[in-house]
Each structure stands twice: as structure tokens, then as C-alpha cells.
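missing the sequence, but the structure's below:
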């Protein structure tokens, strides 16, 4: 009985004052579910904080008083010429030239987030276009594009990335290009599969019987149904892209010093790990936290988007919350839908 | 390969309802006829697996079907799952290309029109689908779904479109204030009403209803069927009503066509077909349908069909029903029976059978051993 009351309140709370009956869109419902997922919300907050830090990097450098590329030969290096440990002057210690590691890690976040977001955006856009075209149009176009997707996925991408960076010379643009090129194919394959299944739905047939053109059906009926899985996939691709960038920079074919990136910081720290733990730990920790936060957010987005997984987990959460709020355990029968 | 239906002797008609022979080229002259389907064939190629695939066979989904739909009437199309009902519907609606044959709509041959040439006919022919969940895009608002026909054909826009959509919603029994809701916020019956509103938005002449009520509860089925009848009366609609529920078809139809494995087994006005079925398949279907009256149900003898429906890739020779038919004889496996009027039947009641069922014949006793389970 109490269950129905609660549900009734929850149902009516949002609607009573409204004059016009406003439908609850799948996006709105997903957003509501996402907001109830504490892990996802915490991850989103961490990601936002990182973004603010990255955007404000010059301000932080000015506030600390240490520009990212200035070596502090006296204060920043020990008498043996080794990096100094974290202190009130250098929060994260210094690097091998006596530069402030804190400022450099923050500057590294700019690169990582930029590469992660931009290459995921490019890869996703390309993947959606290719996958949707292949899946919806079918026929020889599909055969051609699907084989191309398979070929790209079959390339040994680290080797290939190194080769490309060597040919074109390592730079930010090449790095983003390489990562985009190796991420679109995976998205395209998923999108193609989704499109194939959406294509068989009766609402597509209904649109065709009305006389809608292929382009209209693709953009109005297929694309909105693709966005949910694509959003989930893209969120989970960002950390992969960030790690990929770090890998390339670590190997020396990504972002080149003196520009700081987490990958090239780690690569420099490699030599000093026995004497200067902070040099390795701080860039590593930032990389770990960032990728973890994106992954957890991606999981949360997936749970929120897919009603089936939502039912599985969120109902348990809701039940737990109701119990704690009303301090009276539900009878087991009430839990059975 | 040639359909045998048209070759049968056509009884010249004193009865005005008799279908014109539709000799190949013609637009049907009879102003009473809205749709004339002539010898329609649809084969789907079966391709082998692999990168370079070749055709290894053909699913003979529809194999020489002729139908006549009269204005303002309902033609019920009955048959088991997989007998080609839906394929036939989609061919008539122009959603899939036909292999051969003709569809003549309102005097125009629409069988092989280009997308552009087909566009005006799209407004005239609309479909209602079986699955009230799959037939509405879950990511679009109801107003946008029902307004889609207006948007595609550039008819009304802005406030006009909204007004037209809301009138349509009201007409099919939906609350017009639910304009901004999403399909997920409606029940199955309401969703079917949304599909109906979308189909009716452009005031079509022909509605092809592909099992429109089979996914609904019985009480909701009745509501939707009554709504369909009201709308038919108000808008002067012609229905092609596909179902596997014989009682539903009997309730809504003027004419009935029974299909088996891509062919017409029997067709004609509702009452003769239901009361004195001449094809053993029709008789078996009718005997299998549950009756509302338990006494009648007990008194009735069921004809049990043995075996499964054979594969449409490799259909049986001769009469396609012969492996499962209780009356099968040697001739049945050798010669394809023409669809023709049997002695004693009204002229538009046609049956494709060499040995039609006689009135009051008991098929359950004359159970000749059917040839062991049909072809696989």
C-alpha cells in the first residue's frame, strides 16, 4: 500500500502544476535516472573539476607564480641536480629541469582532455555517418563500407600510429587524427548493427508507406534512436582516447616536449622513479582518476539509457532508499512486479 | 509458373458483384472496384552465405494471387503464419517490389512506379501495423508521429498541422492534450489508435490493416474493431483486413480470401465461404476455430491437419495443400487446381480444389493417410 502511495506521489509530483500535458521524453527519463546514480554524479563532478582546472591552467600558473616552462635551477633542483620533493613551494615537486610539476600536470590535463574529447567527437561523427549509411542503404555500399571497417579494425594500431607519427612528424593534430582514425571504425560497426535492427522496425515501414525519403527516414527516424547507444559508446571512448594519447606521448610519437602531457611527463619520470616518486605518481594519479571517472560516468549513462539494466539496478537502489526513508521494510510481495 | 486463376472459365455476370476478368493490361472499368490485384507473384531470392553470394533458391511467398477490393467494403485475408498475407499486403502498398503481376489502384497501374511517381498514391494507400509497440518511433512525440504524413507531403504546417493532428487524435478517441506525449506513455490499444490516426491523416482511400488487433486484449480488440467500422463508414474507407482470427475476419469483412502457401485456396463473399466452405483447408481452419457456444463446440467435428506447412522455398507439386489434405487423390499432386466457381456456388465464390468439400460431408472420417508429414 505504501508503495503505491509513494509511486503515486512520484508520478504526480512533476505534473500537477503543469497546464499543458508535457510528455516525458526518453532523454528526460534517462537524465532523471542518471541523476539518481551517485557514482555517475560523482564522476561527472570530478570530470567537470578537471575541465575547470584545465581551462584555468594559465590562471593557476599565475596564482602559483610558476609558468609551466620556467626551470627553477636553484630552488627546483637539489645540489645533485635531481628534482625536489613536494613542498609548500612546489606542491607536486619539480621535474628534471626544475619546473613546477603541479603546473605541468595541470597543463597536461588540457592536452589529455582536448585530445580525448576532440578525437572522440571526430571519431563518433565519422562512425555514425559511415555506420548509418552502410546499415540503412545496404547492398554493395554496405558490403564495401563493412569490409573497410573490418580492415581498419584489423590494423595493428599502435604500430600504425607510430609509423604515421614518424611520417608526418609528431604533433597535436597528427595525434588527434591518428586516434580519431582508429576509433571511428569501432563506433561505425556498432552503429551499423543498430541501424540494421532499427531498419526492420515497423515504424520505419510506416514512414516509408507515408512516402518519406530515405534521407528523411535516416535523420528523423533512425538517428534519434542511435543517439543513446552512441552517447554511451562515446563516453566510454574518451578514456580510451586519453590513454591512447598518453601511450603515444610516452613512446615519444605523440605530444612533444616542452608541451606537457601526462604521457610525456611519465616518459621523463621513468628515469627518476627510484629517487623521485612524485614525478611518476602525480601524472599517473591524474591519468587514473580521469579515465576512471569517464568510465564510471559511461557505465552510469548506459544504465540510465537502457531501461533493462536500469530496472535491474535502479530498482534495488530505489528499494533501498525507500526502506531507509520509511524505516519499515516492504513486505516481499510488494517487490514483485 | 503461370497463375492458373485467370484461365478458369469466368461466369458472365448477371450478378453485379462478379469480378471482371481483368485481362492483363486493363485498368478495371468497373467504377465500383478500388483495387484490382492480378496474378501477383513475389519471390524472395535465397542467397548462399559468403562474401560473393549467389542465389540458391527462391521463397515463393506470393505465387499468383488475384484479388478485387470494392469501394467501401472490407476484404478479409486469412491464412496461417507464413502463407504470404503480409507480403501480399506490402506488395499492394508498394513497399516491396513485385516479381510479376499487376496492382491496379483506382484505374492506375501502380505496380512498377518510381518513388516519385508513387508519391501521390502513398497518400491514398495507408497501412496499419500489427505491433503497437514497434510501429511507433519511441523517440518521437505523438503529435510529431501523427503529423509525419503532413510533413512528408508538405501539407499543413505550424498551427494548422497541430490543429489537424489534434482533430485526428480526437476522432480516433485519443485525448488531444496528449499531443506532446511519447508512445511509451500509452497503452497498447491507445498506441494502435495513434497508428490509426497516422494512417488516416491524409484521408486515404485504402487502408491495409496487417493484423491490427492480434496483439491486443480481447476487450481492446472489440474497441478497435468498432472504431475501424465507424471510420470506414465516416470516411468511406476500403479495408484490406489481414488476420488469422477467423471470427474477427467474419465480423469485419464483406469478402473473404483464404490463402495457403502463397496461393488463394478459396475466396468469395463472407457467408458462403464461412457457411459452406468448399476447400478442405478452409473447412479445417473453420473447424479449428473455437466456438463461443460450448454445445456447438462439442457437436462439431474437428479436422486435424497433420504435418507442418511445407517450405515455400520448395512447395509441393500440384495442389500445394495436398500433403496435408484429408481428401487428397493422385490428381492433387500432379495438377494445380484452378481457382474457379464450383457447381452450386454463387459466381464470385471460387475454390481452388479438384475435389471440393460437399455440403455436410464429414472430413474427419474420410481421413486418407496424408503423405507423412509434408515436405521439409
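Thanks, I have the structure now. In this text the structure is predicted, and so the values were computed from the model without any measurement. Numbers count the residues shown, from 1 in each chain, chains lettered A, B, ... in the order given.

how far is stretch B:273-285 from where the chain is centred?
17 Å (C-alpha atoms, centre = their mean, to the nearest Å).

OK, contacts around the closest residue to residue B:167 other than its chain neighbours?
Distances taken as C-beta to C-beta, 6 or more residues apart in numbering or on different chains place residue B:176 nearest to residue B:167, at 7.7 Å, with adjacent residues excluded. In this view, the C-beta of every residue, glycine as well, is placed from N, C-alpha and C. By C-beta atoms under 8 Å, 6 or more residues apart in numbering or on different chains, the contact list for residue B:176 reads B:166, B:167, B:169, B:170.

Report the separation between residue B:176 and residue A:203.
With distances taken as C-beta to C-beta, to the nearest Å, residue B:176 is found 22 Å from residue A:203.

quick revisit: which of the contacts of residue B:176 fall in helices?
B:166, B:167, B:169, B:170 (DSSP state H).

quick one: low-confidence ranges for chain B?
B:1-31, B:48-53, B:291-294, B:296-300, B:364-376 (pLDDT under 70).

Helices of that one, start to end?
Assigned by DSSP H, chain B shows helices spanning B:85-92, B:115-124, B:142-152, B:158-171, B:188-200, B:218-235, B:246-252, B:270-275, B:280-288, B:294-299, B:330-334.

Report the contact partners of the residue of the stretch 251-376 of chain B at minimum distance from chain A.
The nearest approach of the stretch 251-376 of chain B to chain A comes at residue B:312, 19.7 Å away (C-beta to the nearest C-beta). Counting by C-beta under 8 Å, 6+ apart, residue B:312 touches B:59, B:60, B:61, B:82, B:84, B:261, B:262.

in chain B, what residue sits furthest out from the centroid?
residue B:159 (37.3 Å; C-alpha atoms, centre = their mean).

Can you give me the distance of it to chain A?
15 Å (C-beta to the nearest C-beta, to the nearest Å).

now swap in residue B:154 and tell me
Residue B:154 is 11 Å from chain A, by C-beta to the nearest C-beta.

in the stretch 201-337 of chain A, what residue is nearest chain B?
residue A:211 (3.5 Å).

in terms of contact, does that residue touch residue B:152 like I think?
Yes: contact criterion C-beta atoms under 8 Å: residue A:211 and residue B:152 qualify, at 5.3 Å.

Let me see the ranges of the helices in the stretch 151-300 of chain A.
For the stretch 151-300 of chain A, the helices defined by DSSP state H, counting those that start in this stretch cover A:157-168, A:172-199, A:202-210, A:214-216, A:223-250, A:262-269, A:277-305.

okay if I get those helices as JSON lines plus mean neighbour count and mean pLDDT?
Compiled in JSON lines, those are given as follows (neighbours: other C-beta atoms under 10 Å in any protein chain shown; pLDDT from 0 to 100):
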{"stretch": "helix A:157-168", "mean neighbour count": "15", "mean pLDDT": "83"}
{"stretch": "helix A:172-199", "mean neighbour count": "21", "mean pLDDT": "88"}
{"stretch": "helix A:202-210", "mean neighbour count": "23", "mean pLDDT": "88"}
{"stretch": "helix A:214-216", "mean neighbour count": "12", "mean pLDDT": "87"}
{"stretch": "helix A:223-250", "mean neighbour count": "22", "mean pLDDT": "86"}
{"stretch": "helix A:262-269", "mean neighbour count": "24", "mean pLDDT": "81"}
{"stretch": "helix A:277-305", "mean neighbour count": "20", "mean pLDDT": "85"}
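
Could you give the number of residues near the residue of the stretch 201-337 of chain A closest to chain B?
As a burial measure, residue A:211 scores 22 neighbours (other C-beta atoms under 10 Å in any protein chain shown).

rewinding a little: would JSON lines of the contacts of residue B:176 with neighbour count be doable?
Listed next are the contacts of residue B:176 as JSON lines, based on neighbours: other C-beta atoms under 10 Å in any protein chain shown:
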{"residue": "B:166", "neighbour count": "20"}
{"residue": "B:167", "neighbour count": "12"}
{"residue": "B:169", "neighbour count": "21"}
{"residue": "B:170", "neighbour count": "12"}
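
What is the most widely separated pair among the residues you listed?
Greatest spatial distance in those: B:167 and B:169, 7.3 Å, computed using C-beta to C-beta.

burial measure for the closest residue to chain A within the stretch 201-350 of chain B, as a count.
Per C-beta to the nearest C-beta, residue B:202 is where the stretch 201-350 of chain B lies closest to chain A, at 7.8 Å. Residues near residue B:202, counting by other C-beta under 10 Å, number 18.

I'd say it and residue B:125 touch.
No: with contact defined as C-beta under 8 Å, residue B:202 does not count as touching residue B:125 (9.9 Å).

isn't residue A:192 right next to residue A:147, touching?
No: with contact defined as C-beta under 8 Å, residue A:192 does not count as touching residue A:147 (11.8 Å).

Can you name the residues that contact residue 224?
Using chain A. Taking C-beta under 8 Å, 6+ apart as the definition, contacts of residue A:224 comprise B:137, B:139, B:140.

not quite, I wanted chain B
Residue B:224 touches B:189, B:192, B:193, B:196, B:212, B:213, B:216, counting by C-beta under 8 Å, 6+ apart.

same question, residue A:209
B:93, B:94, B:95, B:122, B:125, B:126, B:127.

Residue A:53 too?
Listed by C-beta under 8 Å, 6+ apart, the contact set of residue A:53 reads A:60, A:106, A:109.

okay, those residues in CSV with pLDDT next?
Converted to CSV, the contacts of residue A:53 look like this (pLDDT from 0 to 100):
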residue, pLDDT
A:60, 79
A:106, 86
A:109, 86
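
Make CSV out of these and add neighbour count, distance to residue B:222 and secondary structure.
CSV is the format used below for the contacts of residue A:53 (neighbours: other C-beta atoms under 10 Å in any protein chain shown; distance: C-beta to C-beta, whole Å; DSSP: H, G, I helix; E, B strand; the rest coil):
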residue, neighbour count, distance to residue B:222, secondary structure
A:60, 17, 71, helix
A:106, 24, 69, helix
A:109, 24, 65, helix
